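In: After the sequence you'll find the predicted model.
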Amino acid sequence: MPEEIATPFSSWTGILALLSALGLGGVLTALAGRPSGRAVAATAAKDEATGEAAVIASIASAFTGTTASLREEIERMQETLNEFRQRVAEAEAEVRAAVAREAVKDRLLADQKAQLEIAHADVLRLRAERDAANDKSVQQEGEIRQLKAVIEARARLED
């Protein structure tokens, strides 16, 4: 038998042999339990892919949330736009009505100006007629005085 196997464990060589065997066994166990390079690379690739998938899923979730928010904002803006369009249509109707009222007032004003010109012309004509009538009246009064003087002179002559 070899000497190391027969050596009792109480001697220093036996202890050394025992420790060597234990160390060798631990090393062999560690080597056997250690994953291979391919397994480590595959695990790393799997972890990386899982991480990337998680990032993609979170980006997709964020994108979906953002899209929903944008849809809500677009709908709100469309409602606001429709409200503004309605207000603009109402304002345009008010403007058209105001323009129509202004046109009516302009026609009334033009008619009143024409009537004023006619009335002014009538006033001028009536003043001219009055002045002519006054002149005629003064002339006729003069003629009446002359006729009275003639009548009085004749009455004196006859007396």
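Out: Yep, that arrived. Numbering: from 1, shown residues only.
In: so where's the protein uncertain?
Out: Where the chain drops to pLDDT under 70, the residues are 1-37, 39-42, 44-47, 49.
In: quick one: the helices in it?
Out: In the chain, the helices defined using DSSP state H lie at 3-6, 12-33, 37-158.
In: how about those in TSV, adding mean neighbour count?
Out: Just so you know, the C-beta spots here come from the backbone N, C-alpha and C atoms, and that holds for glycine as well. TSV is the format used below for these (neighbours: other Cβ atoms under 10 Å):
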stretch	mean neighbour count
helix 3-6	9
helix 12-33	11
helix 37-158	10
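In: Would you mind measuring from E141 to D159?
Out: In this view, E141 and D159 are 27 Å apart by Cβ to Cβ, to the nearest Å.
In: ok, now T67?
Out: From T67 across to D159, the span is 133 Å (Cβ to Cβ).
In: same check, this time on E90
Out: From E90 over to D159 (counting by Cβ to Cβ), the distance is 99 Å.
In: Could you do M77 as well?
Out: Taking Cβ to Cβ as the measure, M77 falls 118 Å from D159.
In: Check E48 too.
Out: As judged by Cβ to Cβ, E48 and D159 stand 159 Å apart.
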